[in-house]
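1. Here is a sequence with its predicted model. Questions after.
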Amino acid sequence: MTTDTDDIARRADQLYAARSALSEAKRPTRRFGVAEIVQFLNDPSRSLSPEEQRALFTDPRLRADYRRLKSQATTFELPALAAASSGTVSARRFEGGSVSIHPSRVPGQIYLILRFASPADTPRMMLLESAAGDLLKRALPPADRQGEVMMVLNERSEADAGFLRLLADPTSTGTFVI
């Protein structure tokens, strides 16, 4: 009879140890996958955390999914400038339009002007990628009847400064998302 009692006590100890270990274990972090990429490309307010960007740029399969999904949602590409370009640029052209950066008379204020050849096909967002893997997205206001979008950016704002830095970097690329 002591054998049954000993066996039950041993099994109870094992069960307690297992449950204790499970309760102390960290919950697994949420995996970044295709659903989150689709949400990022379709929701102007959705940004990627540093961990999500790292996952995107280190996982070849996830990166291929990202490129495929991005190409399906893209209207225009903003290519990197020629290798001979150095420093920063204030104007860039792309098939379907142009981008120009103009300082304002107000200190720290910058005008960003996007001109699209076809006013009917203006995108909702602009996605910029640096050669180092930085990824920034910006919702675009609607274009006027001539296909022009003007944005007033503040160099003192961390988000605006990062966006301007990537836009002025000749090695960065961009995508206009519909």
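-> Arrived safely, thanks for sending. Computed from a prediction, not measured in an experiment: that's the story for all the values here.

2. Could you use CA atoms for every contact and neighbour count after this?
-> Noted.

3. Count the neighbours of L140 for me.
-> Using other CA atoms under 10 Å, L140 is surrounded by 18 other residues.

4. so what's it up against?
-> By CA atoms under 8 Å, 6 or more residues apart in numbering, L140 lies in contact with 123-126, 149.

5. how close does it sit to R54?
-> Distance, L140 to R54, using CA to CA, to the nearest Å: 26 Å.

6. ok, now S172?
-> For S172, the distance to R54 - CA to CA - is 18 Å.

7. and what of D144?
-> Distance from D144 to R54, by CA to CA: 37 Å.

8. gap between the least confident helix or strand in the chain by mean pLDDT and the chain center?
-> Lowest mean confidence among the helices and strands of the chain (mean pLDDT, DSSP states H and E): helix 2-24, at a mean of 75. On the basis of CA atoms, centre = their mean, to the nearest Å, helix 2-24 sits 48 Å off its chain's mean C-alpha point.

9. One more: stretch 108-126?
-> 18 Å.

10. Tell me which helix or strand M150 sits in.
-> strand 148-154 (DSSP states H and E).

11. What helices and strands are in contact with whatever helix or strand comes next after that strand?
-> Sequence order places helix 158-168 as the next helix or strand after strand 148-154, per DSSP H and E. Under the contact definition 3 or more CA pairs under 8 Å, 6 or more residues apart in numbering; DSSP states H and E, helix 158-168 sits against strand 125-129, strand 135-139, strand 148-154.

12. Going by neighbour count, list what's buried in the following helix or strand past the least confident helix or strand of the chain.
-> Remark: after helix 2-24, the chain's next helix or strand is helix 34-42, criterion DSSP H and E. Across helix 34-42, burial judged by 16 or more other CA atoms under 10 Å covers 36-37, 40-42.

13. now, among those, which is nearest to T58?
-> I37 (14.6 Å; CA to CA).

14. Quick check: closest non-adjacent residue to that closest one.
-> In this structure, I37 finds its nearest non-sequential neighbour in Y66, 6.4 Å apart by CA to CA, 6 or more residues apart in numbering.

15. That neighbour in helix, strand or coil?
-> Under DSSP: H, G, I helix; E, B strand; the rest coil, Y66 falls in the helix class.

16. That's all I had, so thanks and see you.
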